[in-house]
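Student: Predicted structure and sequence below. I'll ask about it afterward.
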Amino acid sequence: NTVYNKGGLKMKKTARFLKFLLVVVLFIILPAVAFADTYVSGPITSDTTWTLANSPYIVTGGVIVMSGVTLTIEPGVTVKFNSGLALQIDGTLIARGTNSSNIIFTSNAVTPAPGDWGYIYFNDSIIDATYDENGNYTGGSILEYCVVEYGGGASIATEYNGAVRLYRAHPLINHCTIRDNKASGIRGWGLTGTLKVMNNTISGNTASGYEGGGIFAGSQYYGGASSEPGTLIITGNIISYNTASLFGGGIFAKVSKLTISGNIINNNISLGYYGGGIYYEQTTVNISNNII
């Protein structure tokens, strides 16, 4: 037989109710604490981490990661940009999401549209990506498992704009989605080293200049005197539904060495002359095992 103590039973019920009440309060409060808006602008002058707990980050003024400084962005972080604003990297950007927890760079508009914000700009002073003897990433600037969308609306240099802009800079761009930008998805010029663009989906981008709706890489302006000395490796990507005014709806390349392999390149448009899928010149080229 079980003997009940009325006083003890009442205390147990009260304790259970208090525990339940605590759980309810934490359920209400914790999301607000974990995902409070964080407003950012101006120079970053010391090593900084943008954490998931403080996401989303709202860019209210141009952000510059100064030379010698590292900005690390945790998986799952969302970065929202106000109109025309950009993130400039003069030091190092480590933005490594995961397959299930992407880092998102997007518009802060209520109804997002291409061109809402500027771009992510890697300057020539960045720490480039480094690789071991097998070609595996070992350090330096990287965009991995990131989404870059609704950019390309910078107020300056729009003719040569890209959602991801590179000037003599060579970050690794891997497993990213770069979509629906009012500019080339990736636009790099002055390349002197090796730029790897791997395993990405680059789609729905419209070049603000003449060339390279999906990817542009080479000299700063079309018609430069000679190709840049860099190496461009484009492997394992889906490059689709991008548009350029004249050349290279999917890819425009003017580099010394070009490898395009294992990609799906389809439904890209060149409204002007040549290369709806791929346009290249003044380069040693290896195009293999693609579906174009």
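Tutor: Now that the structure is in, tell me what you want to look at. Numbering: from 1, shown residues only.
Student: pLDDT weak spots in the stretch 151-292 of the chain?
Tutor: Low-confidence segments of the stretch 151-292 of the chain, defined by pLDDT under 70: 155-160, 209, 219-228.
Student: Check this protein and tell me which residue is nearest its centre.
Tutor: The centroid of the chain falls nearest to residue 148 when counting by Cα atoms, centre = their mean (4.3 Å).
Student: in the sheet, who's paired with it?
Tutor: Residue 148 forms beta bridges with residue 105, residue 178, as assigned by DSSP bridges.
Student: That one touches residue 178, doesn't it?
Tutor: Yes - counting by Cβ atoms under 8 Å, residue 148 touches residue 178, with 4.7 Å between them. Using the backbone N, CA and C atoms, a C-beta is placed for each residue, glycine as well.
Student: Touching both of those two, which residues are there?
Tutor: Residues touching both residue 148 and residue 178 (Cβ atoms under 8 Å, 6 or more residues apart in numbering) are 163, 164, 185.
Student: Next, residue 111: secondary structure please.
Tutor: Secondary structure for residue 111, judged by DSSP: H, G, I helix; E, B strand; the rest coil, is coil.
Student: Going by distance to residue 121, which of the shared contacts of residue 148 and residue 178 wins?
Tutor: residue 164 (8.2 Å; Cβ to Cβ).
Student: what residues are up against the closest one?
Tutor: Contacts of residue 164 by Cβ under 8 Å, 6+ apart are 119, 120, 122, 143, 148, 173, 178, 185, 186, 187.
Student: ok, and the most crowded of the residues you listed?
Tutor: residue 185 (34 neighbours; other Cβ atoms under 10 Å).
Student: so where does that residue fall, helix or strand?
Tutor: Element membership for residue 185 (DSSP states H and E) is strand 184-189.
Student: Which strands or helices does that strand pack on?
Tutor: On a contact count with 3 or more Cβ pairs under 8 Å, 6 or more residues apart in numbering; DSSP states H and E, strand 184-189 meets strand 162-167, strand 177-179, strand 201-203, strand 215-218.
Student: Now do the contacts for residue 78.
Tutor: 55, 56, 57, 103, 104, 106.
Student: Now it. Nearest residue, chain neighbours left out?
Tutor: Leaving aside its sequence neighbours, residue 78 sits nearest to residue 56 (Cβ to Cβ, 6 or more residues apart in numbering; 4.0 Å).
Student: list the contacts for that neighbour?
Tutor: By Cβ under 8 Å, 6+ apart, the residues touching residue 56 are 35, 37, 38, 77, 78, 79, 80.
Student: between those, which is closest to residue 66?
Tutor: Closest to residue 66 out of the contacts of residue 56 is residue 79 (18.0 Å), distances taken as Cβ to Cβ.
Student: So the closest one is in contact with residue 54, correct?
Tutor: No - contact criterion Cβ under 8 Å: residue 79 and residue 54 do not qualify, at 11.2 Å.
Student: Okay, helices next: where are they in the chain?
Tutor: 6-34 (DSSP state H).
Student: close enough to count as contact, residue 198 and residue 233?
Tutor: Yes - the pair residue 198 / residue 233 is scored as a contact, 7.3 Å apart, by Cβ under 8 Å.
Student: Between those two, tell me which one has more neighbours.
Tutor: Comparing residue 198 with residue 233 by other Cβ under 10 Å, the one with more neighbours is residue 198, at 19 against 16.
Student: quick one on the thing from earlier: export the contacts of residue 164 to CSV and tack on distance to residue 279?
Tutor: Rendered in CSV, the data for those read as follows (distance: Cβ to Cβ, whole Å):
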residue, distance to residue 279
119, 22
120, 24
122, 23
143, 24
148, 23
173, 20
178, 19
185, 15
186, 15
187, 14
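Student: Out of these, the closest to residue 277 would be?
Tutor: Closest approach to residue 277 among those (Cβ to Cβ): residue 185, at 14.4 Å.
Student: What are the neighbouring residues in contact with the residue nearest to the centre of the chain?
Tutor: 105, 120, 163, 164, 176, 177, 178, 179, 181, 185.
Student: Now do the third one against residue 203, distance only.
Tutor: In this structure, residue 163 and residue 203 are 12 Å apart, going by Cβ to Cβ, to the nearest Å.
Student: Over to residue 112?
Tutor: Using Cβ to Cβ, residue 112 is found at 16 Å from residue 203.
Student: Which one of the two is surrounded by more residues?
Tutor: residue 203 (23 against 15).
Student: Now do the contacts for residue 286.
Tutor: Residue 286 makes contacts with 258, 259, 260, 261, as judged by Cβ under 8 Å, 6+ apart.
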